[in-house]
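In: How does the following fold in three dimensions:
(chains A and B)
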There are 2 protein chains.
Amino acid sequence: MQEVVIAGIGQTPVGEHWQLSLRNLSALAIREAIADSGGLKPQAMYVGNFLASVASHQANLGALLAGNVGLDGIEAISAEAGEASGAAALCMGYLAVSSGFVNVALVVGVEKVTDVVGQEMETLLAQSSDYDFEAVEGLTPTGQAALLMNSYIHQYNVERDVFADLAIIAHENAINNPKAMYQRAISREAYRKAPVVCEPLNLLDIAPYADGAAAVILTRRELAPTNGSHPMVEVAGIGFNTDALALHDRADLLAFDAVRISTQAALEKAGVGIQQMDFFETWDAFSIYVVLSLEAAGFARRGEGWKLLKNSMLSLEGELPIATMGGLKARGFPLGAAGVYQVVDAVMQLRGQAGKNQIKGAQMALVQALGGSAASSVTYVLKRL
Amino acid sequence: MQEVVIAGIGQTPVGEHWQLSLRNLSALAIREAIADSGGLKPQAMYVGNFLASVASHQANLGALLAGNVGLDGIEAISAEAGEASGAAALCMGYLAVSSGFVNVALVVGVEKVTDVVGQEMETLLAQSSDYDFEAVEGLTPTGQAALLMNSYIHQYNVERDVFADLAIIAHENAINNPKAMYQRAISREAYRKAPVVCEPLNLLDIAPYADGAAAVILTRRELAPTNGSHPMVEVAGIGFNTDALALHDRADLLAFDAVRISTQAALEKAGVGIQQMDFFETWDAFSIYVVLSLEAAGFARRGEGWKLLKNSMLSLEGELPIATMGGLKARGFPLGAAGVYQVVDAVMQLRGQAGKNQIKGAQMALVQALGGSAASSVTYVLKRL
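Out: Residues are numbered from 1 along each chain as shown, chains lettered A, B, ... in the order given. As a prediction, the model looks like this:
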């Protein structure tokens, strides 16, 4: 397998884009990524999307989005793994380039969902869980997260309030991200007063569903322009794995096995250890997911992930910064596009382009996207060259 | 890139499977393919599916279907390219194996749609066309095909009746396929009397939408069991390409550019010429698509594809057999799963397992799946080793 680098990145602001369709959003991100790559010409495109079929009556996004930006005649298909779809599309792009099938691949994550609101949205989201045995019974993704959080709090005797820091960190970091949905801080008081959505989860434990598109250009190292406009970032390792889709089919609810296995695979492929990671773009769709991911990935022992929060290790000044540009919580959560946004954020850090949020000397990052209550986990090790 | 072979195949009968869900159908095909491969253990799974999200409220099929057959912990995602989704998933499996990312990949195409009927079905299918500019205006896939057929008949002054042979050939070939939906012949008289669906298309120009699952096991040549239970079939070349999704965005309605480019790419990768193909598993979702594909792929000159029909070249006894096990028309058209069924059919021919339909000495096949009125085209060259 050949060395794959991220030569270009692009993103739209995350938010409620009522005046932009799937093709408009994608085009903005694609054109920015191609320009950022120094004008590399993609030979294949992989689209990460979760809900276009139900939210926009549109499938076959490969042909639609390629043609829309004048790239018809290239290879183009979609990848789907629930909310981890964007990250799954990146895997496909990685395979296409590393196998030598193409020299340059474009990966775009796009989601357009804010026309759907309220319980209808929750119904659509439940498509990434086991419909026949979970969703039809009324167990939604929010309900699943609440169940996990309850279980965690009781099993490890953790104070409910410890989770507050995740929302506080994410919002603090989003202040300096012009593409973020919420560029403002929240107080501990606001978190405590936030309305309960599904006991014990409150509104600030949940990342806000939003629209957006992000894109990256992948190529082999020797083909990337070397005009020095920015350092190259290598996709040093990837791992994507699955766990039982339905929570009731898992031996250990709090284990997040797919996270554990995909992290090990990515680290092994990169030939590095988890202690070498300078930051972690984690999947903060729900606050409890962060704690369980920290443990499953190996940043903390079982039952001790919450201590990283307690010890302030996850802020930009801490030992393992997370959500460095606002995370899903404050940058906004464009579902199937989020995995590509995370990679774009990590690349900015590794290039030294993160502005006021720059982590000094950042060389290596772990990036992780989850689909369907951690049934799908896609993990990347990104490395500054 | 490394040599990829198809070491195992499996398929369910195609039909109206009201008592089997997505997971049941998939499991049947997956278990058969694994057994046929001599028990190879897949490390990654690629699911080809088009409509589960809208027809079964279910996304994230990778995790669902892997867990359901006891394969959780493996990599699993879905690929989508409209009706060509199964073929697109096969591309993903091919890339994963040829890049060395995994040693053994499982590809499963599955579709479960017959609970949806009538105009609602046509609405769902229209998702593979341009929703904003075609579907909302009422132009359905059937309408698109009728438009192309009308245009062809007028431009080349072809007799309407020449298309009859496609349905007749497909049904004749399906008689000996126990997995086919319609194992019976149809007469020219029946074709002539078939009700018009959308002028000039009649009911027998259209492949019947159905449920089904088909699976293949891909591995590298040196890893495939050599116990001699069946000859190995190599994926010698692949090409997948796109054309403008909306018909109004194409310079030449009858050109099928994605077919032309993907065929050239597949032949080039295989290092062979189109005249070396012993048969062609073509995309007969609509009869006109066959004629246009024959021309775009290079089997006939522009405006002369219909002459291959006139000259009886496409039956099992002809120079270029098509739909050798019944095609989409008579085997049944399980939408996103169809691309994998075509590969299974071709592998049976190349192994010499096609029974009464066996093409003597078949060494090489072109297999082609289309999505969204030929906006997506996935083409394979398969070769007996």
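In: Low-confidence ranges, chain A, go.
Out: Within chain A, the ranges that satisfy pLDDT under 70 run A:1, A:227-228.
In: switch to 90 and redo it
Out: Applying pLDDT under 90 to chain A flags the ranges A:1-2, A:72-73, A:117-119, A:224-230.
In: Which residue ranges of the stretch 51-200 of chain A form strands?
Out: Secondary structure of the stretch 51-200 of chain A (DSSP state E, counting those that start in this stretch): strands at A:75-80, A:104-111, A:196-198.
In: Need those strands in a markdown table (columns: distance to B:Leu28 and mean neighbour count).
Out: Glycine gets a C-beta too; all of them are placed from N, C-alpha and C. Output for the strands of the stretch 51-200 of chain A, formatted as a markdown table (distance: least, Cβ to Cβ, whole Å; neighbours: other Cβ atoms under 10 Å in any protein chain shown):
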| stretch | distance to B:Leu28 | mean neighbour count |
| --- | --- | --- |
| strand A:75-80 | 22 | 32 |
| strand A:104-111 | 33 | 32 |
| strand A:196-198 | 37 | 16 |
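In: Up against chain B, what does the stretch 201-350 of chain A have?
Out: Taking Cβ under 8 Å from any Cβ of the partner chain as the measure of proximity, the stretch 201-350 of chain A contacts chain B at A:Gly239, A:Phe240, A:Asn241, A:Thr242, A:Asp243, A:Ala244, A:Leu245, A:Ala246, A:Asp249, A:Asp257, A:Ala258, A:Ile261.
In: Roughly how far does A:Ala354 sit from chain B?
Out: For A:Ala354, the distance to chain B equals 29 Å [Cβ to the nearest Cβ, to the nearest Å].
In: likewise A:Phe163?
Out: Distance, A:Phe163 to chain B, by Cβ to the nearest Cβ: 26 Å.
In: mind listing what the closest residue in space to that residue that isn't next to it in sequence touches?
Out: With Cβ to Cβ, 6 or more residues apart in numbering or on different chains as the criterion, A:Phe163 has its nearest non-adjacent residue at 4.4 Å, and that residue is A:Ser287. A:Ser287 makes contacts with A:Met149, A:Phe163, A:Leu166, A:Ala167, A:Leu201, A:Asp205, A:Ile206, A:Lys329, as judged by Cβ atoms under 8 Å, 6 or more residues apart in numbering or on different chains.
In: Swap in 7 Å and give it another go.
Out: Listed by Cβ atoms under 7 Å, 6 or more residues apart in numbering or on different chains, the contact partners of A:Ser287 are A:Phe163, A:Leu166, A:Ala167, A:Asp205.
In: Out of those residues, which is nearest to chain B?
Out: Proximity of these to chain B (Cβ to the nearest Cβ) peaks at A:Asp205, which lies at 22.1 Å.
In: Run a quick neighbour tally on that closest one.
Out: Applying other Cβ atoms under 10 Å in any protein chain shown, we find 28 residues neighbouring A:Asp205.
In: And A:Lys193, by the same measure?
Out: Count around A:Lys193 with other Cβ under 10 Å applied: 11.
In: Was I right to think A:Ile9 contacts A:Asp36?
Out: Yes. Between A:Ile9 and A:Asp36 there is a contact at 5.6 Å, judged by Cβ atoms under 7 Å.
In: what does stretch A:229-237 rub up against?
Out: Applying Cβ under 7 Å, 6+ apart, the set of residues contacting stretch A:229-237 from outside is A:3-7, A:38, A:94, A:221, A:224, A:266-267, A:269-270, A:347, A:350-351, A:353, A:380-385.
In: Okay, helices next: where are they in the stretch 251-385 of chain A?
Out: A:257-270, A:287-297, A:305-310, A:338-351 (DSSP state H, counting those that start in this stretch).
In: roughly how far out does the first one sit from the chain middle?
Out: Taking the mean of its C-alpha atoms, helix A:257-270 sits 16 Å from the chain's own mean (Cα atoms, centre = their mean, to the nearest Å).
In: Let me see the residues that make contact with that helix.
Out: In contact with helix A:257-270 (Cβ under 7 Å, 6+ apart) are residues A:236-243, A:273-274, A:293, A:296-298, A:368, A:374-381, A:383, B:73.
In: If we use 8 Å, what do you get?
Out: Helix A:257-270 has contacts (Cβ under 8 Å, 6+ apart) with A:236-243, A:250, A:273-274, A:292-293, A:296-298, A:366, A:368, A:370, A:374-381, A:383, B:63, B:72-73.
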